[in-house]
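Engineer: quick check, what structure comes out for this input:
(2 chains)
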Amino acid sequence: NAGVTQTPKFQVLKTGQSMTLQCAQDMNHNSMYWYRQDPGMGLRLIYYSASEGTTDKGEVPNGYNVSRLNKREFSLRLESAAPSQTSVYFCASSLDGDYGYTFGSGTRLTVV
Amino acid sequence: AQSVTQLDSQVPVFEEAPVELRCNYSSSVSVYLFWYVQYPNQGLQLLLKYLSGSTLVESINGFEAEFNKSQTSFHLRKPSVHISDTAEYFCAVSEVGRGAQKLVFGQGTRLTINP
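Structural biologist: Sure thing, here's the model as predicted:
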């Protein structure tokens, strides 16, 4: 049982390049989330998906897009990367609100 | 909307000493409360949670947290810490309800255990 799997683990992009962060869960969870973690700011929600086919904005959605491809997969896309998007990105999933999240191991992204 | 404030960004303690990591929250609706732990270069793991009922909740590795509604606090405590407790700890809240629940996190507290 792998839980939540994120790829890649590390990535360096040049300003203006695009990329997609992949996330997959094998726990049959309904909801999936993307957060970014920056020093001294905790984790901030970028986008989330309550179910297959639905997505909603979180606190910091600008510069990102998401796709809930099926129940297992939830991808995050940066169309034109900026240095301000340098961060550690975490994907998470939950069965329901009171169970808490299961997190992936993160993607460390650097935009130069 | 909810907000979470962790009052200490760093807490250094000696091994076998007690520790308290402070968390205050703000919300106009009922909330669930969580503590997550992040070990170096890893994702976050759920440590413990308060949903309802007894205001004192415990984890399997000796941590406990007490929900205080009047003070809107959810402080995390351990009576005797170990070197392996060195990590960053995050307090989080979400609205009571079903379905997708957006967690709002505090800024984190880095706990360092010195021998």
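Engineer: pLDDT wise, what is residue A:94 at?
Structural biologist: Turning to residue A:94, the model gives it a pLDDT of 91.
Engineer: what about it, neighbour count?
Structural biologist: Using other CB atoms under 10 Å in any protein chain shown, residue A:94 has 24 other residues around it. The way it works is simple: take the backbone N, C-alpha and C, and place the C-beta from them, glycine included.
Engineer: report the buried residues of stretch A:69-89.
Structural biologist: Using 16 or more other CB atoms under 10 Å in any protein chain shown as the burial criterion, the residues of stretch A:69-89 that qualify are A:71-76, A:78, A:81, A:85-89.
Engineer: just those residues: which are in strands?
Structural biologist: The strands, defined by DSSP state E, take in A:74-76, A:78, A:87-89 from the buried residues of stretch A:69-89.
Engineer: just send those residues back as JSON lines, with distance to residue A:21 too.
Structural biologist: Formatted as JSON lines, these follow (distance: CB to CB, whole Å):
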{"residue": "A:74", "distance to residue A:21": "10"}
{"residue": "A:75", "distance to residue A:21": "7"}
{"residue": "A:76", "distance to residue A:21": "4"}
{"residue": "A:78", "distance to residue A:21": "8"}
{"residue": "A:87", "distance to residue A:21": "11"}
{"residue": "A:88", "distance to residue A:21": "11"}
{"residue": "A:89", "distance to residue A:21": "6"}
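Engineer: so what's residue B:99 up against?
Structural biologist: A:30-31, A:50, A:96-97 (CB atoms under 8 Å, 6 or more residues apart in numbering or on different chains).
Engineer: looking at neighbours, which among these is most surrounded?
Structural biologist: Across the contacts of residue B:99, neighbour numbers were computed from other CB under 10 Å; residue A:31 holds the maximum, 24 neighbours.
Engineer: against residue A:54, how distant is that one?
Structural biologist: 10 Å (CB to CB, to the nearest Å).
Engineer: ramachandran angles for residue B:112?
Structural biologist: Dihedral pair for residue B:112: phi -120, psi 120, per degrees, to the nearest 10.
Engineer: determine which two of the buried residues of stretch A:69-89 are furthest apart.
Structural biologist: Maximum pairwise distance in the buried residues of stretch A:69-89, criterion CB to CB, is 30.8 Å, between A:71 and A:86.
Engineer: pLDDT score assigned to residue A:41?
Structural biologist: Per-residue confidence (pLDDT) for residue A:41: 87.
Engineer: same question for residue A:98.
Structural biologist: 64.
Engineer: before we move on, back to that, show only the entries of the contacts of residue B:99 found in strands.
Structural biologist: Judged by DSSP E, the subset of these located in strands is residue A:31.
Engineer: out of the contacts of residue B:99, who's near chain B?
Structural biologist: Counting by CB under 8 Å from any CB of the partner chain, A:30-31, A:50, A:96-97 from these sit close to chain B.
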